[in-house]
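One predicted model, sequence on top.
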Amino acid sequence: MKVTEYLIDNISTHIIGYGTGNDLVKLFNRFGFKDIYSFDNGGLPDIGKKNGQRPSKTEYVKDRLNQISNRNDGSLRELLNIVINKLPGIIDNLQGFLNDEGYVIEQNNGIYYVQGGVIVKTKPVINEAHFEEIQKRILTALDKAKISIWVVSAWLTNKTLYAKLFEKQNEGLDIRVAIFDDAINAKYGVDITMFHNHYFLKGTKGGTMHHKFCVIDNQVVITGSYNWSNNAEFRNDENVTVEHNPEQATNYSLEYKRLIK
C-alpha cells in the first residue's frame, strides 16, 4: 500500500491520538523500526531536524509513515488497521482522504479494515456558476464541510464569512486562512491570527497575491473573481464557481501549499 505525501500529511494529526509518544514508538517498532523513546533525553527519536531537535508527535508520525509507504508492501495497511480499530472515532475523518487514493475502510464482524483496489463510485463532477447571492452560496458550502477548509483571498474583510470560518474551527475542522500582506488588510481586514493556521503572503512575482479560492475537504473548490470582502459582496459585479471535483481540489490544495512555503 503506497500513498501520497498529501494523504500522510492529513492523516498524521489523527493518528497521534493513538497514545503517548512512547506508545507511538512501540507501534512503529512493530513494523521494523528500532526506535527508543527517551524519558530522560528529549522523548521521541531523532528524525534529522536541525540542531538535533526532537520531533513533535505529528512530525515523528509523518516521517515514519512516509518510510513505511515507500516500502509499498502491506505494512502501512496493517498499521492503519491497528489504529482505526483502537480509534474508530477517526474513521470519518480518514475515509475521504483514503477514498481519493482508491482505498476504503470497511467493517466485518465488528473489525475495521482498510481495503485497497476497491472500486469507489466517483461522484460526477458538478460545476455551479454563481453571479448573485455569492456570500450565501459560500456559506452553504462551508456549512457542509466535515474535515477542512483552506482559504486564500487577496483581501478578507467580510465578517460574516470570517465568523463562519471561526465557527467551523470551533467544531474541530482544520481551518487555514491566507491573505495578501498589504495595507488594506492591515487597516480593514479581519483578524486572521484567531485561526490556528494563518498566513500573510506577498506576491511571488513581485506584484499582488491575487488568488481567491477555497478548498473544502479536498473535494470541493470555490473560485472566481470574488474576494471575501465587503466590496465584493455589496458593490462589485463578481462571480464564483463551486466545483465538486476531488482531482481539481487536490490541484488547488497543492497550490495552497506552494503559496504558504
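Thanks, I have it.

For the helix or strand where Lys257 lies, name the packing helices and strands.
Under the criterion DSSP states H and E, the helix or strand holding Lys257 is helix 246-260. Identification of packing neighbours for helix 246-260 by 3 or more CB pairs under 8 Å, 6 or more residues apart in numbering; DSSP states H and E yields helix 5-15, strand 148-153, strand 174-180, strand 197-201, strand 212-216, strand 220-224. Every C-beta, even on glycine, is put in place using the N, C-alpha and C of the backbone.

Pop out the phi and psi values for Gln115.
phi -110, psi 130 (degrees, to the nearest 10).

give me every residue that touches it.
By CB atoms under 8 Å, 6 or more residues apart in numbering, the contact list for Gln115 reads Tyr103, Val104, Ile105, Glu106.

Would you mind measuring from Glu247 to Asp92?
Per CB to CB, to the nearest Å, Glu247 is found 22 Å from Asp92.

Over to Leu142?
18 Å.

who has more neighbours, these two?
Leu142 (21 against 11; other CB atoms under 10 Å).

so the more buried one is in which element?
helix 134-143.

Not counting its own residues, what contacts that helix?
Against helix 134-143 from outside (CB under 8 Å, 6+ apart): 128, 130, 149, 158, 160-161, 164-165, 168, 214, 216, 220, 222, 226, 228, 232-233, 238-240, 242.

Which members of the residues you listed occur in helices, if any?
Thr160, Leu161, Lys164, Leu165, Lys168, Ala232, Glu233 (DSSP state H).

Excluding chain neighbours, what is closest to the fourth one?
When the adjacent residues along the chain are set aside, Leu165 lies closest to Ile175, with 5.5 Å between them (CB to CB, 6 or more residues apart in numbering).

One more: the first one?
For Thr160, ignoring the flanking residues on the chain, the nearest one in space by CB to CB, 6+ apart is Gln135 at 6.3 Å.

Number of residues surrounding that neighbour?
Neighbours around Gln135, by other CB under 10 Å: 19.

Can you give me the pLDDT of it?
Gln135 is assigned a pLDDT of 95 by the prediction.

gap between it and Lys168?
16 Å.

which residues in the stretch 1-150 of the chain form helices?
Under the criterion DSSP state H, counting those that start in this stretch, helices of the stretch 1-150 of the chain are mapped to 5-15, 21-29, 57-71, 75-86, 91-100, 134-143.

Would you mind splitting this protein into its domains for me?
Domain assignment of the chain by automatic domain parsing yields the ranges 5-116, 126-260.

can you tell me how far the closest residue to Glu243 other than its chain neighbours sits from Gly89?
Ranked by CB to CB, 6+ apart and with sequence neighbours excluded, the top spatial neighbour of Glu243 is Val221, at 4.4 Å. Per CB to CB, Val221 is found 28 Å from Gly89.

For Met194, which non-adjacent residue is closest in space?
Distances taken as CB to CB, 6+ apart place Phe166 nearest to Met194, at 6.2 Å, with adjacent residues excluded.

Pull the contacting residues for that neighbour.
Ile175, Met194, Phe195.

how deep is the first one tucked in, by neighbour count?
So the one you mean is Ile175. 24.

measure stretch 127-144 end to end?
16 Å (CA to CA, to the nearest Å).

tell me which residues of stretch 87-106 are tucked away?
For stretch 87-106, burial by neighbour count (16 or more other CB atoms under 10 Å) applies to 87, 90-91, 93-100, 103, 105.

Over to stretch 172-187?
Residues Leu173, Asp174, Ile175, Arg176, Val177, Ala178, Ile179, Phe180, Asp182, Asn185 are the ones in stretch 172-187 that count as buried (16+ other CB under 10 Å).
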